[in-house]
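Colleague: Mind folding the following:
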Amino acid sequence: MRLTALLLLCLPALAHGLAVDRDQPVTIEADKATLKEKEGISIYQGNVYLTQGTLKLHGDTMTVYTKDDHIDKAVLTGAPATAVQRPDGQDVDQHAEAQRMEYQAAGGFMTLLGAARVWQTDGKELRSEKIIYDITKNTANAGSSTGGDRVHITLQPKPKEPQAPEPASASTSAPAPAPAPAREPAPAMETAP
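Modeller: Purely as a prediction, here's the structure:
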């Protein structure tokens, strides 16, 4: 079961999230798991969930390939496969979804294929059929070199700061205050002789 222990230690490299995420335990749930230690492959099938700190992955199948006791590649597929994580220094979550997510450990790349989408809860969004995300540099390339694949980006404007009301100018007359209600005179007091 050396492969299983190695898998659980190395999966934090799948995303560039909160530094404390890497120190959290990894939980994997699936309907079925097949571990092929000699081939360096572990396969999780059926409603696969992986959780580690703020990182949450979900898909139909997750296959992890190891080489020389290190993760070489991890592939998550689904309709769609999804990922959510809180990046370092951010106060909003980073979301990703695609039909296929491939993590290449050696280069530090995550490739999203098929209806790929990356977005944040603050409204920023990138959509394309193919998105290559460089985890170490925090950069993304989208689209294809052959054309036909359009890239869609949505950026939300900064919220406007509330403006203070303008003071009333001399030419603007303010409405007169309402008259105070009339009071009845107080009863006269009699003094004793």
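Colleague: contacts and neighbour counts: CA atoms only from here.
Modeller: Fine.
Colleague: residue ranges with poor pLDDT in this protein?
Modeller: 1-20, 22, 136, 145-148, 164, 166-193 (pLDDT under 70).
Colleague: Now do the helices in it.
Modeller: With DSSP state H as the criterion, the chain has helices at 2-10.
Colleague: Residues in a beta bridge with the spatially most central residue of it, which ones?
Modeller: For the chain, Q94 is the residue whose C-alpha lies nearest the centre (C-alpha atoms, centre = their mean; 2.1 Å). Following DSSP bridges, Q94 is listed with bridge partners Q85, Q120.
Colleague: got a list of what A98 touches?
Modeller: Contacts here follow C-alpha atoms under 8 Å, 6 or more residues apart in numbering; on that basis A98 touches 77-82, 112-117.
Colleague: any idea how far the residue lying closest to it once chain neighbours are set aside is from L76?
Modeller: Distances taken as C-alpha to C-alpha, 6 or more residues apart in numbering place A116 nearest to A98, at 4.3 Å, with adjacent residues excluded. Remark: distance between A116 and L76 (C-alpha to C-alpha, to the nearest Å) = 13 Å.
Colleague: Equivalent analysis for D91, please.
Modeller: On the measure of C-alpha to C-alpha, D91 and L76 end up 26 Å apart.
Colleague: neighbour count winner among these two?
Modeller: Neighbour count, other C-alpha atoms under 10 Å: between D91 and L76, L76 has more, with 27 against 11.
Colleague: right, and that one touches M101 too?
Modeller: Yes. Assessed by C-alpha atoms under 8 Å, L76 is found in contact with M101 at 5.1 Å.
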